[in-house]
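Participant: sharing a sequence plus its predicted fold:
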Amino acid sequence: MIQIEHLTKRYGTTTALHDVTCEVATGTVTGLLGPNGAGKSTLMRVVLGLDHATSGTALVAGRRYATLRRPLHVVGAHLGGRAVHPQRSARQHLLALARSNRIPAARVEEVLDLTGLRGVARRRAGGFSLGMGQRLGLAAALLGDPGTVLLDEPVNGLDTDGVRWIRRLLRRLADDGRTVLISSHLLSEVQLVADRVLVLGKGRLLADLPTADLAARATPEHLAEGMSALESGYLSLVEDSAEYVAGAGRPASGATVQSGATMQEVRHGR
Ligand SMILES: Nc1ncnc2c1ncn2[C@@H]1O[C@H](COP(=O)(O)OP(=O)(O)OP(=O)(O)O)[C@@H](O)[C@H]1O
């Protein structure tokens, strides 16, 4: 379980998270949603002890990350990017991680199988495709068989078969009683895998509800435009919370839209 209480994180004058309180329950896949700059990565980074909270707390399995004696056994994460020595093979990378965390080498073979990397385990990780890199990041996250898993855009770069595989894996992790938190902009994926969603907008928690309840907030106008119910429910919730607006500052319908304008203002060309 992840417990977040009154979490505020400021970077200078930017408030990335403002007084966020929520729980991510065990046995569920929870989607973390929000427009660009909403605070999703910041929330994950604070949970993982990569950033310090300005105030409030973030606990994993009842503890602050910094106080975990064997963190990889409690929480595994893949936040994108490649924290891999490019000359090392996938297996060498995982073995090095396992050694430094006192994890038996046999577990490396298990996660290579789990992530479908056995066939390329001897290949240089630096030459991996985006999708293979995703799988390797996931293998590292699962190395300690943690009870909580945090993944940033987990389907990014995966092919169709890989996407299907990760959906099933996330479901299995949750069904085994783990806590799974994924951030994503792909609402169609969230709809398929997430039991619940947390929605952030400009650092504030806008919603914490079952995925189906977010879809139930769809508006007829959005649905008439061809949006899915989840897209519509989500957009209705965040439309005044987008920090970055495409085309802001450029003339739109003969009007100049200022940076920071709400979605309604953009739509109405104000
Ligand atoms: N290290 C940092 N220094 C200064 N500002 C930061 C830093 N990290 C994040 N921010 C700011 O905090 C806010 C939240 O950023 P964050 O990366 O958490 O958003 P996000 O929801 O993950 O966005 P995206 O969907 O684009 O990945 C943004 O305004 C961002 O510019």
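Facilitator: Good, I have the coordinates.
Participant: who are the neighbours in contact with residue 186?
Facilitator: Applying Cβ atoms under 8 Å, 6 or more residues apart in numbering to residue 186 gives the contacts 153, 155. Where C-beta positions appear, they are placed from N, C-alpha and C, glycine not excepted.
Participant: same thing but at 10 Å, please
Facilitator: Contacts for residue 186 (Cβ atoms under 10 Å, 6 or more residues apart in numbering) come out as 31, 33, 153, 154, 155, 156, 163, 192, 193.
Participant: distance check, it against the ligand.
Facilitator: 12 Å (Cβ to the nearest ligand atom, to the nearest Å).
Participant: okay, now the closest residue to residue 98 other than its chain neighbours: neighbour count?
Facilitator: Spatially, and ignoring its direct neighbours in sequence, residue 98 is nearest to residue 108 (5.3 Å; Cβ to Cβ, 6 or more residues apart in numbering). For residue 108, the count of nearby residues is 24 (other Cβ atoms under 10 Å).
Participant: quick check: residue 108 vs residue 87, distance?
Facilitator: Note on residue 108: its distance to residue 87, by Cβ to Cβ, to the nearest Å, is 18 Å.
Participant: got it, and residue 174?
Facilitator: 36 Å.
Participant: what's the answer for residue 115, then?
Facilitator: 21 Å.
Participant: looking at the two, which one has more neighbours?
Facilitator: Counted by other Cβ under 10 Å, residue 115 and residue 87 do not tie: residue 115 has more neighbours, with 24 against 11.
Participant: please list all residues in contact with the more buried one.
Facilitator: 90, 94, 132, 134-142, 162, 165-166, 169.
Participant: return the set of buried residues in stretch 75-89.
Facilitator: For stretch 75-89, burial by neighbour count (16 or more other Cβ atoms under 10 Å) applies to 75, 76, 77, 78, 79, 80, 84, 89.
Participant: contacts only, for the fifth one.
Facilitator: By that I understand residue 79. Shown in contact with residue 79 (Cβ under 10 Å, 6+ apart): 41, 44, 45, 48, 50, 137, 141, 150, 151, 152, 153, 183.
Participant: pairing partners for the spatially most central residue of the chain in the sheet, please.
Facilitator: In the chain, the centroid-proximal residue (Cα atoms, centre = their mean) is residue 183; its distance is 2.2 Å. Per DSSP bridges, the residues bridged to residue 183 are residue 32, residue 152.
Participant: in terms of contact, does residue 241 touch residue 18 like I think?
Facilitator: No: Residue 241 is not in contact with residue 18 according to Cβ atoms under 10 Å; the separation is 11.4 Å.
Participant: any shared contact partners between these two?
Facilitator: Contacts common to residue 241 and residue 18, judged by Cβ under 10 Å, 6+ apart, are 200, 202, 203, 204.
Participant: between the residues you listed, which has the most around it?
Facilitator: Busiest of the shared contacts of residue 241 and residue 18 [other Cβ under 10 Å] is residue 200, holding 27 neighbours.
Participant: what lines up beside the helix or strand encompassing it in the sheet?
Facilitator: Using DSSP states H and E, residue 200 sits within strand 196-201. Using DSSP bridges, the strands paired with strand 196-201 are strand 28-33 (parallel), strand 204-210 (antiparallel).
Participant: what residues sit buried inside it?
Facilitator: So, applying 16+ other Cβ under 10 Å, buried residues of strand 196-201: 196, 197, 198, 199, 200, 201.
Participant: so which of the residues you listed also contact the ligand?
Facilitator: Near the ligand, judged by Cβ under 6 Å from any ligand atom, there are no entries from the buried residues of strand 196-201.
Participant: of those residues, which is the nearest to the ligand?
Facilitator: residue 200 (6.4 Å; Cβ to the nearest ligand atom).
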